[in-house]
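Peer 1: how does the following fold in three dimensions:
(one chain, ligands or ions: 3)
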Amino acid sequence: MEKGRILKQKKGLYTLETVDGTQKSGYAGSKLRKNGVKLLAGDIAEYVLNDDDTIFIVDIEERKNAFIRPPISNVDLLALVVAAAEPTPDYYNIDCVLAVADAAGVKPLIVINKTDLDDASETVELYKSCGYDAFTMSALSEKIDPEFYESLKGVCVFTGQSGVGKSSLLNKYFPNLDLETGELSEKISRGKNTTRHTELFNAGNGLYVADTPGFGMLDFINFDLLSQEDFEAFSFPEFTDYKIKCKYRGCTHLKEEGCALIAAVKEEKVKPSRYESYKKLKNDLLQKESMKYK
Ligand SMILES: Nc1nc2c(ncn2[C@@H]2O[C@H](COP(=O)(O)OP(=O)(O)OP(=O)(O)O)[C@@H](O)[C@H]2O)c(=O)[nH]1
Ligand SMILES: [Mg+2]
Ligand SMILES: [Zn+2]
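Peer 2: Numbering: from 1, shown residues only. Ligands and ions are numbered 1, 2, ... in the order given. You can find the predicted model right below:
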């Protein structure tokens, strides 16, 4: 059986990259469909080659991770693109994406674009102090940041709200991609969902980059993006050292006396905006959990 990496999907037609680097397209077999397996960009597919050079996907290799939004698997690095302005950064939105990446064990990286409009120093400092890698850049400038370029390894997914400049940045760093970029809506200075599909590109030297459609907070509410357990164990990693020092076992870190996390927030060892996001996300997850059993 031959193997290849799925690059994109459109109406059930998959395009994959074969081991010799050529691209072939075709459909998935009924066995996969029957088992309810939804193939994703990033999947390593096993296929047979048809006489007409199309492919027939029979199975996929076990994934090391998978995301629903954006729909992609086997990710090594998640580059969360945020705009310094237009649209203004939303900390809760950022923290939700970081929480999902951390829960999945995928390294997140924050890219603050459009620094020609605002310097975004507050946002950079906030996230660097939490232990995240953060880069500032402008897709409009010709300047390439070698450190950012070097930090891209394996399968790198560019995600973030519509209009923050994901496709523009990918075009700047990988000019032969020639991705479509879009105007912002004048009224709300948000993007207009120019990128419609998740697509993985081979950028050479073992590096793959994915452009993805912009997401909104609704995606967070509508999809099961992270479990309560993974959230508590892996998200907001800078809280871990405090959470283990709470007075009571089973502390929810929401209001209890003797909570070491709450004390750390008061002592300004933990960023208030991060703690606010933690509480909000935790409550959202709890609410979702309780809906499931109704
Ligand atoms: N001022 C400024 N504008 C930028 C920058 N990067 C991108 N833009 C503009 O922002 C708009 C949206 O850029 P895109 O690259 O299409 O944004 P996107 O994140 O791919 O958006 P979706 O595909 O809709 O999710 C375009 O008009 C870009 O020219 C930047 O660094 N500075
Ligand atoms: Mg785009
Ligand atoms: Zn606690």
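
Peer 1: tell me, how many residues neighbour the residue lying closest to residue 60 once chain neighbours are set aside?
Peer 2: The shortest distance from residue 60 to any residue other than its chain neighbours is 4.5 Å, reached at residue 43 (CB to CB, 6 or more residues apart in numbering). For the C-beta atoms, the positions are set from N, CA and C on the backbone; glycine is no exception. Number of residues near residue 43 (other CB atoms under 10 Å) recorded here: 27.

Peer 1: what's near enough to touch residue 43?
Peer 2: Applying CB atoms under 8 Å, 6 or more residues apart in numbering, we find residue 43 in contact with 5-6, 60-61, 63, 73-74.

Peer 1: again, only this time at 6 Å
Peer 2: 6, 60, 73 (CB atoms under 6 Å, 6 or more residues apart in numbering).

Peer 1: for the first one, helix, strand, or coil?
Peer 2: It refers to residue 6. Using DSSP: H, G, I helix; E, B strand; the rest coil, the structure places residue 6 in strand.

Peer 1: what about it, how many neighbours?
Peer 2: Counted with other CB under 10 Å, residue 6 comes out at 24.

Peer 1: picking up where we left off before, how close does the residue nearest to residue 60 sit to ligand 3?
Peer 2: The gap separating residue 43 from ligand 3 is 39 Å, by CB to the ion, to the nearest Å.

Peer 1: just residue 191 next, same as before
Peer 2: Taking CB to the ion, one finds residue 191 at 39 Å from ligand 3.

Peer 1: then residue 89?
Peer 2: 28 Å.

Peer 1: show me the contacts for the closest residue to that residue other than its chain neighbours.
Peer 2: With CB to CB, 6+ apart as the criterion, residue 89 has its nearest non-adjacent residue at 4.7 Å, and that residue is residue 82. For residue 82, the contact set (CB under 6 Å, 6+ apart) comprises 89, 112, 164.

Peer 1: now with 10 Å?
Peer 2: 88-91, 93-94, 97, 110-114, 120, 123-124, 127, 134, 136, 160-161, 164-165 (CB atoms under 10 Å, 6 or more residues apart in numbering).

Peer 1: tell me which of those residues fall in strands.
Peer 2: 110-113, 134, 136 (DSSP state E).

Peer 1: drop anything exposed from these.
Peer 2: 110-113, 134, 136 (16 or more other CB atoms under 10 Å).

Peer 1: how far is stretch 86-105 from where the chain is centred?
Peer 2: 8 Å (CA atoms, centre = their mean, to the nearest Å).

Peer 1: pull out the buried positions in it.
Peer 2: 86-87, 89, 91, 93-104.

Peer 1: any idea which of those is closest to ligand 1?
Peer 2: Set against ligand 1, the nearest of those by CB to the nearest ligand atom is residue 86 (7.0 Å).

Peer 1: what's the helix or strand for that closest one?
Peer 2: In this structure, residue 86 sits in neither a helix nor a strand according to DSSP states H and E.

Peer 1: isn't it up against residue 164?
Peer 2: Yes - counting by CB atoms under 10 Å, residue 86 touches residue 164, with 8.7 Å between them.
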